[in-house]
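Colleague: My questions are about this predicted structure, shown below with the sequence.
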Amino acid sequence: MLRLDIIPIQLEDLPESVRAIVSPDASLELRMQMARAAVPLPPDDLILALAFLAGDKADAVSRTAGETIDGLPAGVLSTTIPGLTHAGVLDHLARRHGRSHANLWSMVAGNRNSADSTVCYIASKGSGPVLEQIASNQMRFQRFPSIVEALYYNVEARMGTVSTVLENAVRLGLDLSQIPGYQEIVASIVGPQAIAKVTGSKAAAVPATAVPASKPADGSDVEPGPQLDLASLLDSPEVLAELAESAALLDQPGAVLDEDSFFLILQEAVSDTDGLERERPEENEKESAALWAKIAKMSVAQKVRYALLGDESVRALLIRDTRRMVYLSVLKSPRLTDKEIAGFAKSRNLSEEVIRLIAGDRDWTKSYVVKLSLVTNPKCPPNTAVNFLRIMNTKDIKNISGSRDVPGYVARQAKQILMNREQGKRN
């Protein structure tokens, strides 16, 4: 994930009238007075001094300075932050106090003097309108493409917002190949080939609607690149009908799910962003049942979106969906964790294809727990199970050899491996 270095605040950055008070050479009592805002200063100098003292070597001073900033009236911040010029101070406010004050992130993101890395941090942690604000500033993410990546991985970002930013990033020629599915997004925007593969010539005939770029939040003028409203490609009933038919065909056993086809189904989900609430972990059985009922009413496209952007509880349900498109989308989710994969690998209720895909993925099978789960799962390909069995530790081999819950051939092979190891020790 992104690693964004903190922007330092140097003593030399402070006004001369403040340096003597906050300097490490000043007395502890004097620095504490400043940390409590007991020294009269203009608001901008006060915030600058407090941000500097938040890094003081004395814990009491740094803690008090932080508490003082948290206690500043909203009016003081709203009139001061837009005029701040020190990138380090703005970075400090965003990282340490963004959750404590409403609209602080928005004010920092809208300040021309905020570093791009600071805006990227906000894009990764923020929610609501500030994400829309950041997404509208093409100059920022053209200069610092990691902002696009931060929005993509932020669970709070709306799918429609992320889609628009990715489209603009493609138009600007940004290299975001590290984002899952980005190549498919590029293919869908720069040419009709991906659309024609599934929907034929009808899709190619649908016009691409140019939409004006939003003005950057910081007020700067940016030459807008051509933009594409991809949802407009799916306005035609004929295209939607063929798309639904293609999705059904792709769910047939043995069907090849190419990346362009997958992206087209995702595009249908992107066009329906207002009817879905953001997913949150369920806290009890009643809420889990409600989530299950909600998912049961969804279209395939909606399930695809939930599978890609949902949380762990959502993926735990959708991985069991009978539609191939849906459970493959779970495995494509950028938020999928190793812990979840280990759980999937152990489950005997999942599709055999899910187990086979997990067993064939080198990254997932780097985990010993995943390999152990696959060995004990009857749906794991026999050759793969036996290969993994050979690298199990002796304790697990012994447990597997005497287990009635594993396939017979696995138990027999485990006994053989155990016997060979015991003979090796004796020799």
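Modeller: Okay, I see it. Numbers count the residues shown, from 1 in each chain.

Colleague: pLDDT below threshold where in the stretch 1-150 of the chain?
Modeller: Residues of the stretch 1-150 of the chain that meet the criterion pLDDT under 70 lie in 1-2.

Colleague: start to end distance for stretch 53-64?
Modeller: Stretch 53-64 stretches 9 Å from its first residue to its last (C-alpha to C-alpha, to the nearest Å).

Colleague: buried ones in it?
Modeller: 53-54, 56, 61-62, 64 (16 or more other C-beta atoms under 10 Å). C-beta here means a position set from N, CA and C on the backbone, and glycine is covered the same way.

Colleague: unless I'm mixing things up, residue 417 is touching residue 393, no?
Modeller: No. The pair residue 417 / residue 393 is not scored as a contact, 11.0 Å apart, by C-beta atoms under 8 Å.

Colleague: Show me which of these two is the more surrounded one.
Modeller: Per other C-beta atoms under 10 Å, whichever of residue 417 and residue 393 has more neighbours is residue 417, with 20 against 9.

Colleague: Can you point out the helix or strand that includes the more buried one?
Modeller: Assessed by DSSP states H and E, residue 417 sits inside helix 408-426.

Colleague: quick one: buried residues of that helix?
Modeller: Buried-residue list, helix 408-426, by 16+ other C-beta under 10 Å: 410-411, 413-414, 417-418.

Colleague: Switch these over to a markdown table; also include distance to residue 107 and pLDDT.
Modeller: Output for the buried residues of helix 408-426, formatted as a markdown table (distance: C-beta to C-beta, whole Å; pLDDT from 0 to 100):
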| residue | distance to residue 107 | pLDDT |
| --- | --- | --- |
| 410 | 60 | 90 |
| 411 | 64 | 91 |
| 413 | 64 | 92 |
| 414 | 62 | 91 |
| 417 | 64 | 92 |
| 418 | 65 | 90 |
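
Colleague: residues near residue 85, how many?
Modeller: 12.

Colleague: who's in contact with it?
Modeller: With contacts defined as C-beta atoms under 8 Å, 6 or more residues apart in numbering, residue 85 is in contact with residue 113.

Colleague: host element of it?
Modeller: Using DSSP H and E, no helix or strand contains residue 85.

Colleague: quick one: residue 375 from residue 177, how far?
Modeller: To residue 177, residue 375 is 35 Å away according to C-beta to C-beta, to the nearest Å.

Colleague: rewinding a little: what's the helix holding residue 417 packed up against?
Modeller: With contacts defined as 3 or more C-beta pairs under 8 Å, 6 or more residues apart in numbering; DSSP states H and E, helix 408-426 has these neighbours: helix 382-389, helix 394-401.

Colleague: Output these in TSV; the columns should cover mean neighbour count and mean pLDDT.
Modeller: Output for the helices and strands packed on helix 408-426, formatted as TSV (neighbours: other C-beta atoms under 10 Å; pLDDT from 0 to 100):
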stretch	mean neighbour count	mean pLDDT
helix 382-389	17	92
helix 394-401	16	92
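
Colleague: can you put those in CSV and add distance to residue 423?
Modeller: Output for the helices and strands packed on helix 408-426, formatted as CSV (distance: least, C-beta to C-beta, whole Å):
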stretch, distance to residue 423
helix 382-389, 17
helix 394-401, 13
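
Colleague: More neighbours: which of residue 375 and residue 177?
Modeller: Neighbour count, other C-beta under 10 Å: between residue 375 and residue 177, residue 375 has more, with 28 against 8.

Colleague: How about the contacts made by the more buried one?
Modeller: 385, 388-389, 392, 400, 406, 410.

Colleague: Just the residues contacting stretch 45-53, thanks.
Modeller: In contact with stretch 45-53 (C-beta under 8 Å, 6+ apart) are residues 9, 11, 13-15, 17-18, 21-22, 31, 34-35, 37, 41, 61-62, 64-66, 68-69, 72, 77, 80-81, 84, 86, 88-89, 92-93.

Colleague: What subset of the residues you listed is buried?
Modeller: Buried by 16+ other C-beta under 10 Å: 9, 13-14, 18, 21-22, 31, 34-35, 37, 41, 61-62, 64-66, 68-69, 72, 77, 80-81, 84, 86, 88-89, 92-93, out of those.
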